[in-house]
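Q: what's the 3D shape of this:
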Amino acid sequence: MIKNFEDLEIWKSARGLAKEIYRLTSDQKFSKDFRFRDQIRSAAVSIMSNIAEGYERSDNQEFVQFLYIAKGSCGEVRSQLYVAADQAYIAQKNCDELTQVFKRLSIMINNLIDYLKSSSMKSPKYSGSNHSTGSIRFERI
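A: Model (predicted):
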């Protein structure tokens, strides 16, 4: 049952990935490249923030817009991970593993976008009745 954005699996996943990006960028080599470190951190936080903000909006169209921004931030982080590997800030293996996880999150976000675009409900937050979407079930607050 989804009552808040914190209940969304995509938000939980984005939160965990932001935490991992912060841990990764705390390494001495990475942390000295202030601008790049801040950019990748910002992009990672943007994912979870846009999911949350979109969920709190009043209709599907706005939620979808914010989900597209979150999806774009997933791509941004993946791109930055390649730069981090090229600069030897992270091992190529770490880069490969993390880019796969961000790709999976991007797919999850896209699946929710597709669902919301085909759904007749107004918004998960403000829907008048329960809606089931397989593993996603929204409830009125």
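Q: What residues does the residue nearest to residue 98 when sequence neighbours are not counted make contact with?
A: Among residues not flanking residue 98 along the chain, residue 81 sits closest, at 5.5 Å (CB to CB, 6 or more residues apart in numbering). All C-beta spots, glycine's among them, are computed from the backbone N, C-alpha and C. By CB atoms under 8 Å, 6 or more residues apart in numbering, the contact set of residue 81 is 40, 90, 95, 98, 99, 102.
Q: What's the separation between the closest residue to the fifth one other than its chain neighbours and residue 20?
A: Taking CB to CB, 6+ apart, and ignoring the residues beside it in sequence, residue 99 has residue 78 as its nearest neighbour in space, at 4.8 Å. Going from residue 78 to residue 20 by CB to CB, to the nearest Å gives 13 Å.
Q: Between those two, tell me which one has more neighbours.
A: Remark: of residue 78 and residue 20, residue 78 carries more neighbours, 19 against 14, as counted by other CB atoms under 10 Å.
Q: Residue 101 is in contact with the more buried one, correct?
A: No. Assessed by CB atoms under 8 Å, residue 78 is found out of contact with residue 101, at 9.6 Å.
Q: contacting residues for the residue nearest to residue 99?
A: Contacts of residue 78 by CB under 8 Å, 6+ apart are 99, 102, 103.
Q: same question, residue 68
A: Taking CB under 8 Å, 6+ apart, one finds residue 113 in contact with residue 68.
Q: May I ask which helix or strand encompasses it?
A: Element membership for residue 68 (DSSP states H and E) is helix 60-86.
Q: tell me the mean pLDDT over that helix?
A: Mean pLDDT, computed over helix 60-86, is 97.
Q: quick one: buried residues of it?
A: The neighbour-count check on helix 60-86 (16 or more other CB atoms under 10 Å) flags 60, 63-64, 66-67, 69-74, 76-78, 80-81, 84-85 as buried.
Q: Give me the nearest residue to residue 14, chain neighbours excluded.
A: In space, residue 14 is closest to residue 48, 3.8 Å off (CB to CB, 6+ apart).
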